[in-house]
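Trainee: can't give you the sequence, but here's the structure:
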């Protein structure tokens, strides 16, 4: 209920336009990976998913940020059903990849930002290796590159008041880890795929 | 003149608009059945989307002016807000412009319409061109980023002038005190918007039917000499025939219509130049078949302030 209402509100405020260029908007299990420039990123991506898909798609978020206070934790846990992962002290028992893999095993989709944090400049940072390990652990799940345009102008990093500009979300063609592909080659290819979505 | 006469005129206009839309919808339907070629079908599909959107826009506009002042204020205020949003989205602004833009959207735009609403001519006519014009670079310089300073500020100032200041002159027509025309100002607003939009539509129709020679091939490849001449001529004729809803005599009404249509045409060209420069075809996708809000009101932006001031100078 709250989630649906929120999704509609976000769509109206951000005037977001979704362009499903490489795959149809359906409930297929996917890992959406996108560029990250604003706190709005996952909200707009999440809000343009079809209702059915949104219910089974979980954003991956930093545990330290979303557990910082009760309100954030309520949002992350009950509304967005985020998968909260540890950024700083990764141990064998809280290994993020295992956590994400379990979500995929349950048949749910994920939203991840492989740059590992928000960027303030226009260039994307190199991708962290999580996406590679995820692709390796679940080779049959489609990895969908997504480019989110203009969210950083609506709410740049460090600002708390948004301005009502229009943004767009471009979905590219699904990709998978090739059997012989090296980690570096795959991550470079994935990053290029996100970048390619910006020109569509 | 009594209010009931004004109401009667507005009723007649409403019936006229709805009648036109019925005719347009029927023509669109017949064209859809008759067109077989691939390119023709695309044009007709777009035409029908436009007609459908016209129904919605016309009904919203008629409802707004039927409520008198407040409805028109809210409608044009929202239009300004959405147009500014499309304009700024398309304009490259920097990180340091964020707070200035917040002011533009949430303080300056509402304030301009409040000033129009309380009919404070002395302030609403200079608020954006003087006070805001100075405020923006001042607020901007506080941020301390001098990169492209002039260009960044000019873009925001320009956007506020075109999307907010100029558009707000349309509802400002309601505040004019024209002797012998009391309580009929809504009809004047109808006249302006009607002539501007009819001119746009007829230029499009004449262009599609007889268009051969592009008038500004680099800026707007779809505009033709034939479309321009035919559209302006027909719109001036219609404007003249509407003299009875205005405080003008027929010849004055004809001249006003000519000024409105010519400025409207120029407004369309100027706003197209910005789109070309940014490499896009439309300002947005809010209105199916038309593009963005800005694509629909570009001609109004340029026509409204001049129409207001001409009417104010000669008739009040």
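Mentor: That came through, no problem. Keep in mind that this is a model prediction, so the values were computed, not measured.

Trainee: Kindly report the residues of chain B close to chain A.
Mentor: B:81, B:85-86, B:88-89, B:93, B:95, B:98-99, B:101-102, B:105, B:284-286 (C-beta under 8 Å from any C-beta of the partner chain). C-beta here means a position set from N, CA and C on the backbone, and glycine is covered the same way.

Trainee: Mark which of those residues are part of strands, please.
Mentor: Judged by DSSP state E, the subset of the residues of chain B next to chain A located in strands is empty.

Trainee: and these, which are buried?
Mentor: Those of these that meet the buried threshold are B:81, B:85-86, B:88-89, B:93, B:95, B:98, B:101-102, B:105, B:284, B:286, by 16 or more other C-beta atoms under 10 Å in any protein chain shown.

Trainee: For those, which two are the farthest from each other?
Mentor: Within those, B:95 and B:286 form the most distant pair, 26.4 Å apart (C-beta to C-beta).

Trainee: Tell me where chain A has helices.
Mentor: All helices of chain A, identified by DSSP state H, fall at A:2-14, A:41-48, A:51-55, A:63-66, A:70-74, A:96-105, A:130-137, A:151-154, A:183-197.

Trainee: Can the second one be said to contact chain B?
Mentor: When you say that, I think you mean helix A:41-48. No. Shown here: helix A:41-48 not in contact with chain B (C-beta under 8 Å from any C-beta), separated by at least 13.8 Å.

Trainee: Which other helices and strands does that helix contact?
Mentor: helix A:2-14, strand A:30-34, strand A:57-62, strand A:109-112, strand A:142-149, strand A:168-171 (3 or more C-beta pairs under 8 Å, 6 or more residues apart in numbering or on different chains; DSSP states H and E).

Trainee: now, of these, which is deepest in the fold?
Mentor: Across the helices and strands packed on helix A:41-48, averaging neighbours per residue (mean count of other C-beta atoms under 10 Å in any protein chain shown) puts strand A:30-34 on top, at a mean of 25.

Trainee: in its sheet, what does that one sit against?
Mentor: Here strand A:30-34 has these sheet partners by DSSP bridges: strand A:109-112 (parallel), strand A:142-149 (parallel).

Trainee: Next, format these as CSV and append mean pLDDT.
Mentor: CSV is the format used below for those (pLDDT from 0 to 100):
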stretch, mean pLDDT
strand A:109-112, 92
strand A:142-149, 93
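
Trainee: Tabulate these (JSON lines), appending distance to residue B:233.
Mentor: Output for the strands paired with strand A:30-34, formatted as JSON lines (distance: least, C-beta to C-beta, whole Å):
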{"stretch": "strand A:109-112", "distance to residue B:233": "56"}
{"stretch": "strand A:142-149", "distance to residue B:233": "43"}
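
Trainee: so how far is the host helix or strand of residue B:157 from its chain's centroid?
Mentor: With elements taken from DSSP states H and E, the one containing residue B:157 is helix B:149-159. Centre-to-centre, helix B:149-159 and its host chain are 22 Å apart (C-alpha atoms, centre = their mean, to the nearest Å).

Trainee: who does that helix touch, helix- and strand-wise?
Mentor: helix B:69-90, helix B:133-143.

Trainee: Quick one: closest of these to residue B:254.
Mentor: helix B:69-90 (25.4 Å).

Trainee: which helices and strands does that closest one pack with?
Mentor: helix B:38-66, helix B:109-117, helix B:149-159, helix B:167-172, helix B:250-278, helix B:293-315.
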